[in-house]
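Enquirer: below are the sequence and a predicted model for it; my questions follow.
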Amino acid sequence: MIERTKKIAYGFMIFAACLVFPGLVCAEAAPEVLVTVGQETITRADLASKTATMPPQIRGRFESKAGRQQLLEQVVLISLLSQEARRLGIDKQDTVEKKIKEMTDNLIVQELTRQEISGEVTISDEEVAAYYQENKKDFVRAEQINVSLIMFATTANSTSEQKEKKQKLARKTLKRLKKGADFAAVAREVSEDKRTQRRGGVSGFFARGRRAKMYGEKFEEVAFDLKTGEVSDVFETERGYYIIQVGDRQPRTEQSLSQAKSKIARKLQQLKQREAYESYVEGLKEKYPVKYSQ
């Protein structure tokens, strides 16, 4: 009992000394060894460092007890194989040494750019605001509409009889729609526009100028004049005869400076980092002259 009391008192004294003189008295706690493989030890810190670099969606697989055990077994396997490879001298083979150097070079170059370049680049609020004012048009989204269409195709070589036939089909289809037929179902049945026919005629959202080349300028004029849900009359473009319906509209929007701030900051950060990188490399060329053999 007396001996146990002495041990407790001694432990308390060591603990107190660590608080007062941490640099003189206390050494770092020994790492917790999970497994020893030949000449190598694998600690809990080793596993933690491996999971720390994983993407979140992958890291989650190893957060459970079973997952950590699976990771430990993988590390053990790599240790076994790598020790045997070194024993056989595989790491000293010319081709392998070259690959190791390439991988090492890539790793230390990434760390060099992080420490010497990326970490030194900062973006001020004034720079962000100036970029926003100079490029305001980039933060404006024009009005967009989602149009469904039914098309009866004609070409520049179509005869008047062929065009008349297509026009009659279009007018007949319009009558069906006015009687209550479902636009999407009719489009799947009769539309000759291969791009949208299987989707029930849905073309997707677009702003002015984005469908003129595909369907003709008349198509856009009619589309943007329609109200939401309204079905057009039959009209003709250089591509054929159309009936269209506006399904939905997205009004013109403009991002404020506060809304665009993070996006601008990322872009400016990338630009500055690229400039800093190029400048850094030019400086290295003076330090380590580059001479090409002819």
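Expert: That came in fine, so what should we check first? For clarity, every value in this text was computed on a predicted model and none was experimentally measured.
Enquirer: okay, now the unreliable bits of this structure?
Expert: Scanning the chain for pLDDT under 70 picks out the ranges 1-29.
Enquirer: domains in this protein, as residue ranges please.
Expert: 25-92, 95-139+259-294, 143-251 (automatic domain parsing).
Enquirer: and the longest one, how far apart are its ends?
Expert: Same thing as domain 143-251. 5 Å (Cα to Cα, to the nearest Å).
Enquirer: follow-up on the earlier one: could you dump the domains of the chain to CSV with mean neighbour count?
Expert: All C-beta spots, glycine's among them, are computed from the backbone N, C-alpha and C. Formatted as CSV, those follow (neighbours: other Cβ atoms under 10 Å):
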stretch, mean neighbour count
domain 25-92, 12
domain 95-139+259-294, 12
domain 143-251, 16
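Enquirer: how about residue 254, phi and psi?
Expert: Dihedral angles of residue 254 (phi, psi; degrees, to the nearest 10) stand at phi -140, psi 120.
Enquirer: ranges for the strands of the stretch 51-200 of the chain?
Expert: 140-141, 144-153 (DSSP state E, counting those that start in this stretch).
Enquirer: pairing partners for the last one, with directions?
Expert: Spelled out, it's strand 144-153. strand 202-206 (antiparallel), strand 240-250 (antiparallel) (DSSP bridges).
Enquirer: could you dump those to a markdown table with distance to residue 149?
Expert: Listed next are the strands paired with strand 144-153 as a markdown table, based on distance: least, Cβ to Cβ, whole Å:
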| stretch | distance to residue 149 |
| --- | --- |
| strand 202-206 | 6 |
| strand 240-250 | 5 |
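Enquirer: for those, which one sits closest to residue 112?
Expert: Proximity to residue 112 (Cβ to Cβ) singles out strand 202-206 among those, at 45.0 Å.
Enquirer: wait, residue 151 sits on residue 237?
Expert: No. Here residue 151 does not reach residue 237: they are 9.1 Å apart, not a contact under Cβ atoms under 8 Å.
Enquirer: between those two, which contacts overlap?
Expert: Shared contacts of residue 151 and residue 237, defined by Cβ atoms under 8 Å, 6 or more residues apart in numbering, are found at residue 215.
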